[in-house]
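Peer 1: predicted structure and sequence below. I'll ask about it afterward.
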Amino acid sequence: MSNILSKIFKRGDHSVLGVDIGPSSIKLVQLRKEKGKAVLETYGALALGPYAGVDVGRATHLSPEKVAEALVDILKEANTTTKKSGMSIPMSSSLITLVELPTSDDKQIAEMMPIEARKFVPVPISEVALDWWVLPREDKIWTREDEEEKKEKTEQVSAQGAKQNPVPASVEKNEKSQVLLVVIHNDALREMREVIRYSQLESSFFEIEIFSTIRAVLDEEINPILIFDMGAGTTKLYIVERGILKNSHIVDRGSQDITLGLSRAMGINIGEAENLKRTKGMDITEENKDLKEVMLSTLNYIFSEANRLLLNYRKKHNKNVAKVIVTGGGSGLKGFVKLAEENFQVEVAAADPFSKVEAPAFLANILKQAGPEFSVSVGLALRKLQELE
C-alpha cells in the first residue's frame, strides 16, 4: 500500500520509522520533525497471509527471514527513505504485571526484582529480559514532569537487553510502592534482531505494543480508560489511568475468528468470508441478519471478557472506566463503535493516532479511517523522534 504523501513532501535526514510487525500484517509510518511538530511523510500496511500461503487477514507464524522479506517489500512500496526505526514487540511475547514492594533505593530494587519476577515467569530468569518502573502514588497529583519521567523509564528494553530503573522521587521511602514489571522472552528479542539484520534497518529500541499505543491514542486523561485492541488472532484489553497501565488481559479471539465463523456458516471460502466481513460489517439488512448473528458469536465472547475485566477493576479500585478507545485492524468493522457503546454503556471512540501528526488536509478522512490500524506504528515513530531531540 503506497500513497501520494511521498510525492508531496521533500524528505531529509531527520526522518524516522515506526514498524509494527503483527501476526497478520506489517504496518509502518515514517515521520519527520519540523518546527517542533511531527510531520507524516509516508505510511503503509502489508498483509502477511500470502507470505505464509494463507488468505489475507489470517494470523501467521513466519520465520525471521520471511518477515524481513515482507518488511523490505512494504518499505519499498511505501517509498520510505530512512533506516532509523523503532520496532514493536507483541504482547504475546511479553508479560506485564504490577508488583508491590517496600520502597527502596535503586540498588535494592535491582536486587529484588529478579527475585520477584520468578513468581510470575515460568522459565529461568536467564531466558528473559526484565524492565520495571516504580509507579507514582495514587494520591499524588499527576504532572507533565511525571509523564516525561514515565516516558523515559517505561518499557525500555533495548537491543542490548534490560536495564535498571531508579526510583522516582514521587515515591517516598518507608511506604509500600507498586512496580510495573515488564518481561520479554529472549527468543522474541533474538527473532526481532534477525528481522532487523535481514532487512538492514537500524532499530535503537524494541517496545511492547501497548506502550506505543498509549503514546499514540491518549492525551492527558485523568480518569481510567479501556483500550480495546482487536487484532487478527487475539484481542488485547488494557486499563490505563493517568497514562499508567493498571491492568491488561489477552482474549484468544480476534477478527479472523469472525471470518472463520462466516466461512463455516455460509459455506464459502475464507477469502469470500473476509471480503464479506470487510464490506458488510455489522451494517446488515433484515434479509441477511443471520450474518450479524454469526459475527456476534465471536464479538459477544470478546465483549463479555472485557466486561469481566472492568468488573474486577471496579471491585478492586472502586472506579469505573470513563471511556473506551477501540483500536487495531479488527475494530475497523462497520458498526463496531456503535456495537461497543451498546455493550459498555460508556463513551466509545475509534483511535485517531494520526491526529498527533501534521498531514495534508485532504487526507484527513482517509487517515482517520485508517488510524486504528496504525496506532502502534505511530506511537513507535513518535518515540523515535524524541531520540533526535
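Peer 2: Great, that's in hand.
Peer 1: give me the below-cutoff pLDDT ranges for the stretch 1-150 of the chain.
Peer 2: 1-13, 103-105, 137-150 (pLDDT under 70).
Peer 1: all helices of it, in order?
Peer 2: Under the criterion DSSP state H, counting those that start in this stretch, the stretch 1-150 of the chain contains helices at 5-8, 64-77, 106-117, 144-153.
Peer 1: right, and the helix or strand after the last one?
Peer 2: Going back to what we said before, that points to helix 144-153. strand 176-185 (DSSP states H and E).
Peer 1: now do that next one: which elements does it pack against?
Peer 2: In terms of contacts (3 or more Cβ pairs under 8 Å, 6 or more residues apart in numbering; DSSP states H and E), strand 176-185 is packed against strand 94-102, helix 106-117, strand 128-134, strand 202-208. Placement of C-beta: from N, CA and C, glycine included.
Peer 1: next, format these as TSV and append mean neighbour count.
Peer 2: As requested, the helices and strands packed on strand 176-185 are exported to TSV (neighbours: other Cβ atoms under 10 Å):
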stretch	mean neighbour count
strand 94-102	16
helix 106-117	15
strand 128-134	23
strand 202-208	20
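Peer 1: now do the strands in this protein.
Peer 2: Remark: strands assigned in the chain by DSSP state E are 15-21, 25-34, 37-47, 84-89, 94-102, 128-134, 176-185, 202-208, 225-230, 235-241, 244-251, 323-327, 347-350.
Peer 1: show me what contacts residue 305?
Peer 2: For residue 305, the contacting residues are 235, 237, 249, 251, by Cβ atoms under 8 Å, 6 or more residues apart in numbering.
Peer 1: buried subset of the residues you listed?
Peer 2: Buried residues within the contacts of residue 305, counting neighbours by 16 or more other Cβ atoms under 10 Å: 235, 237, 251.
Peer 1: so the second one touches residue 312, yeah?
Peer 2: Going back to what we said before, that points to residue 237. No - using Cβ atoms under 8 Å, residue 237 is not in contact with residue 312; the gap is 11.1 Å.
Peer 1: coming back round to it: out of the strands of the chain, nearest to residue 193?
Peer 2: When these are compared by Cβ to Cβ, strand 202-208 sits nearest residue 193, at 8.4 Å.
Peer 1: for the closest one, the averaged confidence score.
Peer 2: Averaging pLDDT along strand 202-208 gives 96.
Peer 1: what helices or strands is it leaning on?
Peer 2: Secondary-structure packing of strand 202-208 (3+ Cβ pairs under 8 Å, 6+ apart): strand 84-89, strand 176-185, helix 186-199, helix 375-387.
Peer 1: mean pLDDT for those: which is lowest?
Peer 2: Among the helices and strands packed on strand 202-208, strand 176-185 scores lowest, at a mean of 89.
Peer 1: got the angle for that strand vs strand 84-89?
Peer 2: Angle between the axes of strand 176-185 and strand 84-89 is 100 degrees (criterion: axes from the mean of the first three to the mean of the last three Cα atoms, to 10 degrees).
Peer 1: so which bits of strand 176-185 are buried?
Peer 2: 177-185.
Peer 1: residues in contact with residue 191?
Peer 2: If you count contacts by Cβ under 8 Å, 6+ apart, residue 191 has them with residue 64.
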